[in-house]
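Trainee: test case, fold it:
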Amino acid sequence: MQKSRRLSRTAALTYLSILVLILAAALMIEARSALAFTRPLSPQGDVHNISQQAIPRQAQSAAALPAEGIFAGCALNSMLTTCEQELTQLRAAGMQVAVMDPQGDTLTEISAYAAYAQSVGVSIMWEINDPGFWGGAWIGASAAADWSQFSAACGCTSTPQVLQYMIQWLGALPATYGYYAADDSTLTRSQLPGLTQYVAAIRAADPNHMIMVGSSEGQGTTYYSSGATIGNEIYPVTTSSLLPYSPNSATWQAIQQGVQQDARAATQNGTASAFILQAFTFGDNIWDGEAVGVCTASMSQAQCASLLQYPSAAVQLALRNEVLAYAHPKLILWYTYSEASQGNRWAALSSVVQAPYPVSASAARVPGALRRCARRGVSGVC
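Mentor: Modelled structure (predicted):
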C-alpha cells in the first residue's frame, strides 16, 4: 500500500509538471502577440509600412496611451519662472510635451527652460513657424533678423546657415521632443515644394526628432508628401454640445472619417499620425462664428465669442477617444494652454488626459457600417 501511494504522488507530480509547461507556453504566445501590437516607432515616427487599420481594435484597446501635450505659449524673456511653473502643472496633469515658441528669447533662457523641463519630465516641441523658411513672408525681415539669437551665436546671416545652426543647437538639448515647423494658418497649398525642402533641411540638421506641420481638416492630406508628421486639427465648430451622440451623428461621422483618412495617409507616407484637439473657444475671429451662422461681420470678436462654446470635458474625452479608436497616434496635442488653464477647465482637461485607453466606448456609438468596420479593424464602408 505504501508503494502504491508513492506511485500516485509521482504520477500527480508528473501531471502538474505537464500542466505548468502548457500554461507557460500559452503565456509566451500571448506575450509575443502583445509585443507585435505594441511595436515602438522610430524617432521619426516611421511605422514601417504596417497598416494601422489592420490591427484589431481589441489589440489597440490594450495599447499604451500616446504622449499628450499642449501649446504652452509662454514668454521666457519676461516670465521664465512662471513658464517653469507651467511645466510642473503640465506634468501633474499627465502631459509629457509642451509646444513652445523660442523666438525673441536668449539662448540662456531657452537652455534654462529646457533644463527645467527635463528635470520635471516634460519634453519640448520648439515652434519655429516662420513662413520665410518655406518661401512665404518672414515674420520680420529675414531669418537672421527673426532668429537673431541664433544668428549672433553662429556668426551667420544666410537662411540655410541660421536654420541649420538653430536646429542643431535645439536638437542637442536633452528635453527636445521635436519641431512644430509650420502651421496651416501661415501655409498655403502652393508652398508645398518649399515646405518639402524646409522639412528636408531640418531633418538633415537633426534626423532624430519629430518634425510636425499643423494642418486643418479643410486641407486634407495636402502636406503629407512633405515628409513631416502632420498634426491634424480636430476642431468641430459648434454652438452647442456635441453630446449626446445621436443628435450630432453627422458631425461625429465626419470626425471619424477624417481621422481614418489621416491615419491612412500617415501610413502610406511612412510617418506616425498625430492630432491637435480643441481646448479653446471658437470665436477668436468672426469667420468661425459666421461658419455656423451665429455671428456677423458687424460683431466684435468678444460678441462673437460669447455665442460659441468651449468644449466640455465630456466632449474633449469623446474627441480623444475617436482619435484612439480610428488611428494609432504617436502624439496628441491640445490647443491651447491660455484658455485651458482658466477656471475649472484645467482640472477637466487633466481628467481627460489621464483617462484610460477606451476599450469599447467609441465603437459602441458608431452606427451601422462604421461599427462593422471598427469590429473588423478596417476603415471605410465594409
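
Trainee: can you tell me the helix or strand for Gly214?
Mentor: strand 210-215 (DSSP states H and E).

Trainee: could you list the residues in contact with that strand?
Mentor: Applying C-beta atoms under 8 Å, 6 or more residues apart in numbering, the contact partners of strand 210-215 are 43-45, 125, 177-185, 187, 195, 199, 202-203, 222-223, 226-233, 272, 274, 276, 330-331. All C-beta atoms are positioned from the backbone trio N, CA, C, and that covers glycine.

Trainee: show the subsequent helix or strand relative to it.
Mentor: Using DSSP H and E, the next helix or strand after strand 210-215 towards the C-terminus is strand 229-234.

Trainee: measure Ser338 to Asp101 for me?
Mentor: Distance check for Ser338 against Asp101: by C-beta to C-beta, to the nearest Å, it reads 13 Å.

Trainee: between these two, which has more neighbouring residues?
Mentor: Neighbours per residue, other C-beta atoms under 10 Å: of Ser338 and Asp101, the larger number sits with Asp101, 18 against 14.

Trainee: surely that one touches Gly73?
Mentor: Yes. With contact defined as C-beta atoms under 8 Å, Asp101 reaches Gly73; the gap is 6.7 Å.

Trainee: okay, strands next: where are they in this structure?
Mentor: Assigned by DSSP state E, the chain shows strands spanning 67-71, 97-100, 123-127, 176-182, 210-215, 229-234, 274-278, 331-335.

Trainee: and those strands as a markdown table, adding mean pLDDT, distance to Ala112 and mean neighbour count?
Mentor: Listed next are those as a markdown table, based on pLDDT from 0 to 100; distance: least, C-beta to C-beta, whole Å; neighbours: other C-beta atoms under 10 Å:
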| stretch | mean pLDDT | distance to Ala112 | mean neighbour count |
| --- | --- | --- | --- |
| strand 67-71 | 98 | 20 | 22 |
| strand 97-100 | 98 | 13 | 25 |
| strand 123-127 | 98 | 12 | 24 |
| strand 176-182 | 98 | 14 | 26 |
| strand 210-215 | 98 | 23 | 26 |
| strand 229-234 | 97 | 27 | 24 |
| strand 274-278 | 98 | 27 | 25 |
| strand 331-335 | 98 | 24 | 24 |
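
Trainee: which one of these lies closest to Leu349?
Mentor: When those are compared by C-beta to C-beta, strand 331-335 sits nearest Leu349, at 6.6 Å.

Trainee: tabulate the CA atom coordinates of the closest one in CSV.
Mentor: Included here for strand 331-335 are C-alpha records, laid out as CSV according to Å, rounded to 0.1, in the frame of the first residue of the first chain:
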residue,chain,number,x,y,z
LEU,A,331,1.2,62.3,-30.2
ILE,A,332,-1.9,64.2,-29.2
LEU,A,333,-1.6,68.0,-28.6
TRP,A,334,-4.3,70.3,-27.1
TYR,A,335,-4.6,73.9,-28.2
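
Trainee: packing partners for that strand?
Mentor: When contacts are defined as 3 or more C-beta pairs under 8 Å, 6 or more residues apart in numbering; DSSP states H and E, strand 331-335 sits against strand 67-71, strand 97-100, strand 229-234, strand 274-278.

Trainee: mind running it again at 6 Å?
Mentor: Where contact means 3 or more C-beta pairs under 6 Å, 6 or more residues apart in numbering; DSSP states H and E, strand 331-335 is packed against strand 67-71, strand 274-278.

Trainee: quick one, which of these is nearest to Ser142?
Mentor: Comparison of these against Ser142 by C-beta to C-beta identifies strand 67-71 as nearest, at 25.7 Å.

Trainee: what's the angle between that closest one and strand 176-182?
Mentor: Interaxial angle of strand 67-71 relative to strand 176-182 (axes from the mean of the first three to the mean of the last three C-alpha atoms, to 10 degrees): 50 degrees.

Trainee: pull the CA atoms of strand 67-71 into PDB?
Mentor: Output in PDB follows, covering the C-alpha atoms of strand 67-71 (Å, rounded to 0.1, in the frame of the first residue of the first chain):
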ATOM      1  CA  ALA A  67       2.100  61.100 -25.500                       C
ATOM      2  CA  GLU A  68      -0.100  64.100 -24.900                       C
ATOM      3  CA  GLY A  69       0.800  67.800 -24.600                       C
ATOM      4  CA  ILE A  70      -0.300  71.300 -25.100                       C
ATOM      5  CA  PHE A  71       0.600  74.600 -26.800                       C
END
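
Trainee: list the contacts of it.
Mentor: If you take C-beta atoms under 6 Å, 6 or more residues apart in numbering as the criterion, strand 67-71 is touched by 95-99, 331-337, 353.

Trainee: dump stretch 214-223 to PDB, restricted to CA.
Mentor: These are the backbone C-alpha positions of stretch 214-223, laid out as PDB (Å, rounded to 0.1, in the frame of the first residue of the first chain):
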ATOM      1  CA  GLY A 214      -0.200  71.500 -38.400                       C
ATOM      2  CA  SER A 215      -3.000  71.000 -40.900                       C
ATOM      3  CA  SER A 216      -6.700  71.800 -40.700                       C
ATOM      4  CA  GLU A 217      -9.400  69.400 -41.800                       C
ATOM      5  CA  GLY A 218     -10.100  71.500 -44.900                       C
ATOM      6  CA  GLN A 219      -6.500  71.000 -46.100                       C
ATOM      7  CA  GLY A 220      -7.000  67.200 -46.200                       C
ATOM      8  CA  THR A 221      -3.800  65.200 -47.000                       C
ATOM      9  CA  THR A 222      -2.100  68.100 -48.800                       C
ATOM     10  CA  TYR A 223       1.100  68.200 -46.800                       C
END
